[in-house]
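J.: 3D, please:
(one chain, ligands or ions: 1)
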Amino acid sequence: MSGAPAGGASPSGASASSPALAVDGLAFAYPDGRQVLYGVDLEVAQGERVALLGPNGAGKTTLLLHLNGILGAVSGGTGAGSIQVSGLPLRKDTVGEIRRRVGIVFQDPDDQLFMPTVADDVAFGPANLGLRGSELADRVHHALSQVGMADQADRPPHHLSFGQRRRVAVATVLAMEPEILVLDEPSSNLDPASRRELADILQSLDVAVLMVTHDLPYALQLCSRSLLLDGGRIVASGATRDLLADDALMRAHRLELPYGFDPLSVPAAPAVER
Ligand SMILES: Nc1ncnc2c1ncn2[C@@H]1O[C@H](COP(=O)(O)OP(=O)(O)OP(=O)(O)O)[C@@H](O)[C@H]1O
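T.: Okay, the predicted model is just below:
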């Protein structure tokens with residue numbers, strides 16, 4: 001969480017009372033001219049978990065890649081709009097701090113794991129921030145403990161199962177003590193037990209989450225609120241249960257629940273006051 005004083009802005013512009021993430025009027029076209037985002041507005045409150053739903057090609061990944069400046073104006077691209085993370089605006093001079101604050105867990109853990117051991121991978125980011133010695137070791141141990149992988153610290157990542165590698169990828173991001181955890185399809189390719197274990201881990205974390213997912217029961221279980229992106233626009237926003245129970249909305253945007261799944265029969269994730 002932000003170290004800024006409650007209710008006031010720090011010299012960096014960060015504020016503990018600001019939303020964890022605020023996106024305002026985000027528009028973007030790829031260099032080939034294809035317009036993918038059209039004025040996207042969204043907010044994730046401190047401690048809130050929000051699902052970003054939408055059919056293939058809606059622009060979800062394109063949006064995620066803007067959140068830490070991989071795409072967008074700070075990377076030399078074109079577009080419009082603004083992004084703030086706990087009150088700190090994304091700009092060329094803040095992109096380093098924004099990348100620490102926005103922890104993106106990509107769909108393929110092997111995109112994020114490249115060191116000889118699990119501990120080395122988790123240490124990589126905090127070591128780049130300047131942590132050393134016992135401070136670094138404690139940070140690594142804590143992040144691995146948060147995902148139940150502390151006993152695997154000395155193993156090479158490629159000896160782990162896919163589900164374990166995804167948990168380590170989450171730990172690499174948690175070790176940066178982010179303001180918001182951004183997950184791209186966290187339940188994809190997981191067996192039912194690994195899927196449930198990851199849900200338990202995500203529910204135990206005290207950090208805001210924005211989660212792109214096609215796994216609608218997962219969104220319902222973990223996220224009290226969902227946003228629906230289609231054609232580069234937020235077309236619906238509300239309680240996940242209400243969105244999933246809206247048959248006409250679901251059909252209009254190519255979202256389908258598993259056969260026989262009734263969103264009204266599942267306890268909804270508790271809402272966070274915003
Ligand atoms: N590098 C690129 N250059 C041009 N167009 C791109 C590029 N990357 C993605 N697109 C286009 O942008 C649109 C949105 O893609 P994006 O991957 O953001 O959607 P998505 O909602 O994440 O889809 P999915 O659910 O399939 O992952 C698609 O039409 C895609 O073809």
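J.: Geometric centre of this structure: which residue is closest?
T.: residue 182 (0.9 Å; C-alpha atoms, centre = their mean).
J.: how distant is the helix or strand where that one lies from the center of its chain?
T.: Using DSSP states H and E, residue 182 sits in strand 180-184. Taking C-alpha atoms, centre = their mean, to the nearest Å, one finds strand 180-184 lying 1 Å from the centre of the chain it belongs to.
J.: and that strand, what does it pack onto?
T.: Contacting strand 180-184 under the criterion 3 or more C-beta pairs under 8 Å, 6 or more residues apart in numbering; DSSP states H and E are the following elements: helix 60-67, strand 102-105, helix 162-174, strand 208-212. For the C-beta atoms, the positions are set from N, CA and C on the backbone; glycine is no exception.
J.: Quick check: the residue nearest to the centre of the chain touching residue 213?
T.: No. Taking contacts as C-beta atoms under 8 Å, residue 182 lies outside contact range of residue 213: 11.7 Å.
J.: if we can go back for a sec, how about the next helix or strand along the chain from the strand holding residue 182: buried residues?
T.: Per DSSP H and E, the first helix or strand lying C-terminal to strand 180-184 is helix 192-204. For helix 192-204, burial by neighbour count (16 or more other C-beta atoms under 10 Å) applies to 194, 195, 197, 198, 199, 201, 202.
J.: what's in contact with helix 192-204?
T.: 49, 146-148, 161-163, 166-167, 170, 181, 183, 186-187, 190, 209, 211, 215, 218, 221-222 (C-beta atoms under 8 Å, 6 or more residues apart in numbering).
J.: Show me where the protein has its helices.
T.: With DSSP state H, the ranges of helices along the chain come out as 60-67, 95-101, 118-128, 133-146, 162-174, 192-204, 216-222, 240-244, 247-252.
J.: Kindly reformat those helices as JSON lines containing mean pLDDT.
T.: What follows is the helices of the chain, written out as JSON lines (pLDDT from 0 to 100):
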{"stretch": "helix 60-67", "mean pLDDT": "96"}
{"stretch": "helix 95-101", "mean pLDDT": "96"}
{"stretch": "helix 118-128", "mean pLDDT": "97"}
{"stretch": "helix 133-146", "mean pLDDT": "98"}
{"stretch": "helix 162-174", "mean pLDDT": "97"}
{"stretch": "helix 192-204", "mean pLDDT": "96"}
{"stretch": "helix 216-222", "mean pLDDT": "96"}
{"stretch": "helix 240-244", "mean pLDDT": "96"}
{"stretch": "helix 247-252", "mean pLDDT": "95"}
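J.: can you list those in JSON lines and add distance to residue 73?
T.: JSON lines is the format used below for the helices of the chain (distance: least, C-beta to C-beta, whole Å):
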{"stretch": "helix 60-67", "distance to residue 73": "9"}
{"stretch": "helix 95-101", "distance to residue 73": "10"}
{"stretch": "helix 118-128", "distance to residue 73": "24"}
{"stretch": "helix 133-146", "distance to residue 73": "31"}
{"stretch": "helix 162-174", "distance to residue 73": "24"}
{"stretch": "helix 192-204", "distance to residue 73": "31"}
{"stretch": "helix 216-222", "distance to residue 73": "30"}
{"stretch": "helix 240-244", "distance to residue 73": "31"}
{"stretch": "helix 247-252", "distance to residue 73": "32"}
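J.: closest one to residue 41 among those?
T.: Nearest of those to residue 41, taken as C-beta to C-beta: helix 60-67 at 11.4 Å.
J.: Does the ligand have contacts with that closest one?
T.: Yes. Judged by C-beta under 6 Å from any ligand atom, helix 60-67 comes into contact with the ligand through 60, 61, 62.
J.: Now list the buried members of these.
T.: Burial by neighbour count, 16+ other C-beta under 10 Å: within these this picks out 60, 61, 62.
J.: Could you count how many residues lie near residue 87?
T.: Neighbour count of residue 87, defined by other C-beta atoms under 10 Å: 21.
J.: pretty sure it contacts residue 18?
T.: Yes. Using C-beta under 8 Å, residue 87 is in contact with residue 18, at 3.4 Å.
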